[in-house]
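J.: from the sequence below, what's the structure:
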Amino acid sequence: MMPRELMNAYTAFSRRTFLKTSGAALGGAGIAAAVSESAYAAGQPWPPAGRDLVAKGDVVLFQGDSITDAGRKKDAGPAANDQPALGNGYAWLAGVELLVDRPGSGLNVFNRGISGNKVYQLAERWQSDCLDLKPNVLSILIGVNDYWHTLNGNYNGTVEKYEQDYHALLQRTRQALPKVKLVVCEPFVLKCGAVNEKWFPEFDRYRAAARRVAEKARALFIPFQAMFDEATQYAPPAHWAADGVHPTPAGASLMAHSWLRAAARKS
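T.: Below is the predicted model:
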């Protein structure tokens, strides 16, 4: 997508969604920022949030499952900065904000999330969908399927397998890309839709495992669960994720806002 087309698409969709959709429920973008700050305090991001990880000429890659995938066009090949290839979720909103906010910076933003993925499935496609792209900034959100799919008997994974596989994946990444800047996003759910009490406390163990993985890998950890917990003080859970797992436009815009404040805040 050409820069002018990207700007037009952003103006028509992202500004409206990013600043109004979450802001309407929260009373304005200023309160959306307050939610992010409260989440950081509650979730204790590690290392401290608010650094600008994105430099001129960087390749920024978003990886994960359906929350990252968000209906992206998968037959677009290696296309960067293309809205259909970036999907319609938080990765698109965060990525396009970076592109519009930093014109002439030469950024290339990719989305390689695939719906239904668990950590071991990331590993199976990691060479082509991550390492070959040589990202400078790699953001991963993975974990909800590693637990959710055990509830219906379609997967026999454990939290120990999740943590072990995740740690091995980031070690592999560091070995191949020693200078990569890692962002590990906390898996999250909201208590509505498909999510009920039987998810807990086991799902919380997966969240804790993701945090440990981030710390061991010296990655920035973004506490999305704390963010959504705070957001439910302003609007009910279904406003942010109607089925409890997949964000609505409001939830996706809040995620993008928080990701940017944590990982791409300019000094």
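J.: can we go C-alpha only for contacts and neighbour counts from here?
T.: Will do.
J.: and the helix or strand where Glu97 lies, C-alpha only, in CSV?
T.: Using DSSP states H and E, Glu97 maps to helix 90-101. Below are the C-alpha coordinates for helix 90-101, written out as CSV (Å, rounded to 0.1, in the frame of the first residue of the first chain):
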residue,chain,number,x,y,z
TYR,A,90,-4.6,-4.6,17.5
ALA,A,91,-1.6,-5.4,15.2
TRP,A,92,-3.1,-3.3,12.4
LEU,A,93,-4.0,-0.5,14.7
ALA,A,94,-0.6,-0.4,16.4
GLY,A,95,1.3,-0.9,13.2
VAL,A,96,-0.5,1.8,11.2
GLU,A,97,0.0,4.2,14.1
LEU,A,98,3.7,3.6,13.9
LEU,A,99,3.7,4.1,10.1
VAL,A,100,1.7,7.3,10.2
ASP,A,101,3.5,8.8,13.3
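J.: may I see the buried residues of that helix?
T.: 90-100 (16 or more other C-alpha atoms under 10 Å).
J.: tell me which other helices or strands that helix touches.
T.: Using 3 or more C-alpha pairs under 8 Å, 6 or more residues apart in numbering; DSSP states H and E, the elements in contact with helix 90-101 are helix 66-69, strand 108-111, helix 249-263.
J.: avg pLDDT for the longest one?
T.: Per-residue pLDDT over helix 249-263 has a mean of 93.
J.: before we move on, what about stretch 115-129?
T.: What stretch 115-129 shows for mean pLDDT is 97.
J.: nearest residue to Asp243 other than its sequence neighbours?
T.: Gly193 (3.9 Å; C-alpha to C-alpha, 6 or more residues apart in numbering).
J.: fine by me, thanks again.
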